[in-house]
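Asks: Sharing a model prediction with you, sequence too.
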Amino acid sequence: MNKRGVEASGRFEIEMPAPFDFSLTVSKPAGWHWSTPGEVFEKGALWTGCYVDGTPVGLKMIETKKTVAVSFYATSELTRDETALLRANVELGLGRDEDLEAFYAFAEKDEILSVAARDLYGMRAGRLDDIFGRVILAITLQMAPYKRSRDMMSSLLEAYGTKITFEGKEIALWPTPSEIARLEPSELRHSASLGYRAERLIKSARYLAEHPISLKELSAESEAEAMRRLKAVPGIGTYSARLIFGRTSVPIDV
């Protein structure tokens, strides 16, 4: 695992439209992570991180009265453009632009959805712009029970993730495509117990290292085009592409 020291770099606040429940949004009831399985959610605060142009950035997020306050930590001070890019990614991850009112209007007429909407009121799906993290999730979920998938993701984080420390928390970020692209399948099978998925993950990493894809960019395209581009990634079929994209095409079991 790579270890990087980060220091306080800045802070911003994001005003979220109602309805919004911070805890439900960043700490999903089903146990799924917001950015990485290596993040920490305690007492209403989330310590996590992401990459900004390949640079690991630590994040502490907490809900204030009307906003989400975000403190960020990096190896050096982020530029104005990098900060703007980070802010846009966090807003995407919090689902700031999701139209929940339209969903609730639809859900209230359904016997089952109306109960879920009431119990999870204000939860936003959110999709952090990290295609490779979602590719890792999709590939480790292929033909594997939940515990096996979690074990594979934990092994990948431990062996190849980037560990950052700030505010007394140690957070493990997903490995980058370039980190996995340099590996051989036999090494990845041994270190992370991926089995046949090792070759798929390496091929997808090599493809994304040469052909970066932005989730925000995909969201601006038609769903058919977005799915076509995702299925061009080795190891990603229709089901996995739907899981990665997570818009109207999300698989029903997800």
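Replies: Great, that's in hand. Keep in mind the model is a prediction, meaning the values are calculated, not measured. Numbers count the residues shown, from 1 in each chain.
Asks: Would you map the strands across the stretch 101-250 of the chain?
Replies: 162-166, 169-173 (DSSP state E, counting those that start in this stretch).
Asks: now Leu156: how far from Met16?
Replies: 32 Å (CB to CB, to the nearest Å). From N, CA and C alone the C-beta is placed, and that goes for glycine too.
Asks: the more surrounded of these two?
Replies: Using other CB atoms under 10 Å, the more surrounded residue of Leu156 and Met16 is Leu156, with 26 against 20.
Asks: contacting residues around the more buried one?
Replies: Contacts for Leu156 were tallied using CB atoms under 8 Å, 6 or more residues apart in numbering; they are Ile136, Thr140, Trp174, Pro175, Ala192, Leu194.
Asks: how about the nearest residue to the fifth one, chain neighbours excluded?
Replies: If I follow you right, that is Ala192. Spatial nearest neighbour of Ala192, excluding adjacent residues (CB to CB, 6 or more residues apart in numbering): Ser155 at 4.0 Å.
Asks: My guess is the one you found contacts Arg197. True?
Replies: No: counting by CB atoms under 8 Å, Ser155 does not reach Arg197; the two are 11.5 Å apart.
Asks: So which of the two has more stuff around it?
Replies: Remark: of Ser155 and Arg197, Arg197 carries more neighbours, 24 against 17, as counted by other CB under 10 Å.
Asks: what about the residue nearest the centre of the chain, which SS state?
Replies: For the chain, the residue nearest the mean C-alpha position is Ser35 (3.7 Å; CA atoms, centre = their mean). Secondary structure, DSSP: H, G, I helix; E, B strand; the rest coil: Ser35 is coil.
Asks: Among the strands of the stretch 101-250 of the chain, single out whichever gets nearest to Val26.
Replies: strand 169-173 (13.6 Å; CB to CB).
Asks: ok, back up a step: for the residue nearest to Ala192, give its distance to Arg148.
Replies: If you go by CB to CB, the gap between Ser155 and Arg148 works out to 11 Å.
Asks: before we move on, the earlier item: any chance of the strands of the stretch 101-250 of the chain in JSON lines, with mean pLDDT too?
Replies: Below are the strands of the stretch 101-250 of the chain laid out as JSON lines (pLDDT from 0 to 100):
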{"stretch": "strand 162-166", "mean pLDDT": "95"}
{"stretch": "strand 169-173", "mean pLDDT": "96"}
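Asks: Dump those into a markdown table; add mean neighbour count as well.
Replies: Below are the strands of the stretch 101-250 of the chain laid out as a markdown table (neighbours: other CB atoms under 10 Å):
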| stretch | mean neighbour count |
| --- | --- |
| strand 162-166 | 20 |
| strand 169-173 | 20 |
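Asks: My read is that Ser149 contacts Met143, right?
Replies: No: at 9.8 Å, Ser149 does not count as touching Met143 under the criterion of CB under 8 Å.
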